[in-house]
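1. Predicted coordinates and the sequence they were generated for:
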Amino acid sequence: MSKPNKPVVLIAEKLAPSVLSVFGDEVEVRHVDGTDRSALLEAVKSADALLVRSATKVDAEVFGATTQLKVVARAGVGLDNVEVPAATERGVLVVNAPTSNIVSAAEHAVALLLAVARRVPAASQSLRAGEWKRSSFSGVELQGKTIGVVGLGKIGQLFAQRLAAFDTHIIAYDPYVSAARAGQLGIELVTLDELLSRADAISIHLPKTPETKGLIDAEALKKTKPGVIIVNAARGGLIVEQDLADALRSGHVGGAGIDVFVTEPTTSSPLFELDNVVVTPHLGASTAEAQDRAGTDVAKSTLLALRGDFVPDAVNVSGGGAVGEHVRPYLSLTQKLGQLLTALNPTAPASVTVQVKGEISVRTPGCCSWRRCAGCSPAWSRTRSRSSTRRSWRRSWACRSSWRSRRRARSSAAWSRCARCTPTARC
Ligand SMILES: NC(=O)C1=CN([C@@H]2O[C@H](COP(=O)(O)OP(=O)(O)OC[C@H]3O[C@@H](n4cnc5c(N)ncnc54)[C@H](O)[C@@H]3O)[C@@H](O)[C@H]2O)C=CC1
Ligand SMILES: O=C(O)C(=O)COP(=O)(O)O
């Protein structure tokens, strides 16, 4: 009997060697330069999976060039280079590695802030040029200062925790985070205007969306304290570069640390001409540790997707959201409950319900029912469609799965259980 061909995984950007270790010989790995558009469009035709970082644009044209593609894996956080709705439309699963590089990105934002506050790059350059100019490079301390974090998500929180060690006062703007959660972290939640007017330094940690694009423009910069330091290690275009350059030139903004640019790659920006600016070429995730994790995470997710298994880091299943950190620990629990059900009751169920109570119930736990389904029905997984987007899962599994939630749990903070499982011949 002839062996079926191995799935083809197309790697479009430089990834860590950990990717290849995870893949082993289960897939055929091919390489292409994702920034070479025609080469990408040709190579993707025969690829089952496409692995990228931030430089490869994966849009409707790419999805239109292939009927073979099943998964796009982004070895990092930001998905602004992947057109997720176009992927979903084509039944292509999109995954990222949402926690792989967050520590590195937060540390890079801290590095930029300190480099600007103490003028490290300019002083280094001056000394290397043969000058000993101590009085030209006076800086400012962070101790006692108010630090504004715009976007209090994973990286924003890590940045805030690290800055707190400098004996600072942290304020944050994030309309999607509760004041209670911010309070737990010792952070004061404020409006954007209040943050702009109170902060001595501001660090941006937002995703790039139509809502956040250009959020920090001339108008916003006018509201900041004179001498404020601005850091952006999130995405280019969140700050209007020309407006920031003007505010720096006028002296109103005291300095800026910028890792990301509206156009990338780039070697020209109005910011590059200014002394009080420290720039890096999108290096937030460029550490050995972050790349190793990103490579491992996306390679594992890719294998899961190609095998047709549940992919926890998928962003276009279960109502379009990735599985949150607070929900993730419950996935294996629900899967085990499903396995237990299968063992106790060999007839596959037609309908299953997962009940979720307590804190977790407000954290979108709908995915648990899918995971429980995976545990419950190993026999189905052999027959399901190769695409793992939600619609296809529903179609091929022909199993109704639902979840119920209650805000208040009787005792523990959170728990979940399989509530109902009706065996019929349908599955
Ligand atoms: N420079 C680099 O190499 C890296 C950059 N990044 C970028 O850092 C950014 C943050 O990443 P994470 O913290 O992982 O994302 P996250 O999704 O955990 O956090 C983003 C936060 O922004 C908030 N937010 C969304 N829209 C908002 C709005 N209109 N106003 C205020 N807050 C809003 C969300 O509620 C969320 O709390 C992303 O743009 C990501 O692409 C991530 C890794 C490396
Ligand atoms: O993960 C992210 O969002 C990043 O910005 C890192 O991008 P990169 O993988 O270094 O091209």
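-> Great, that's in hand. Ligands and ions are numbered 1, 2, ... in the order given.

2. Of all residues in this structure, which one is nearest the centre?
-> Nearest residue to the geometric centre of the chain (C-alpha atoms, centre = their mean): Val77, 2.7 Å.

3. out of everything not next to it in sequence, what's closest to that one?
-> Pro98 (5.8 Å; C-beta to C-beta, 6 or more residues apart in numbering). For glycine as for every other residue, the C-beta is placed from the backbone atoms N, C-alpha and C.

4. That neighbour - how many residues pack around it?
-> 22 (other C-beta atoms under 10 Å).

5. about what we covered before: the residue nearest to the centre of the chain: which element?
-> Using DSSP states H and E, Val77 sits within no helix or strand.

6. distance of it from Val240?
-> 23 Å (C-beta to C-beta, to the nearest Å).

7. do the same with Asp246
-> On the measure of C-beta to C-beta, Asp246 and Val240 end up 9 Å apart.

8. out of the two, which sits in the busier spot?
-> Shown here are Asp246 and Val240; by other C-beta under 10 Å, Val240 has more neighbours (20 against 15).

9. May I have the residues that are in contact with Val22?
-> Gly295, Thr296, Ala299, Lys300, Leu303 (C-beta atoms under 8 Å, 6 or more residues apart in numbering).

10. Can you pull the phi and psi angles for it?
-> phi -70, psi -40 (degrees, to the nearest 10).

11. Please report the distance of it from Ile102.
-> 20 Å.

12. Over to Leu152?
-> Distance from Leu152 to Ile102, by C-beta to C-beta: 13 Å.

13. Kindly confirm whether my reading is correct that Val58 touches Val52.
-> Yes - using C-beta atoms under 8 Å, Val58 is in contact with Val52, at 6.1 Å.

14. list the residues that contact both of the two?
-> Val72, Asn81, Val82.

15. most surrounded residue in those?
-> Going by other C-beta under 10 Å, Val72 tops the shared contacts of Val58 and Val52 with 32 neighbours.

16. Could you pull up the contacting residues of that residue?
-> Ala49, Leu50, Val52, Val58, Val82, Ala87, Val92, Leu93, Val94, Val95.

17. Show the pLDDT at Gln355.
-> Per-residue pLDDT puts Gln355 at 70.

18. filter the contacts of Val72 by proximity to ligand 2?
-> By C-beta under 6 Å from any ligand atom, no member of the contacts of Val72 lies near ligand 2.

19. Show only the entries of those residues found in strands.
-> Within these, residues falling in strands by DSSP state E are Ala49, Leu50, Val52, Leu93, Val94, Val95.

20. and the second one, how many neighbours?
-> Spelled out, it's Leu50. 30.

21. Repeat that for the fifth one.
-> Residue neighbour count, defined by other C-beta under 10 Å, stands at 27 for Val94.
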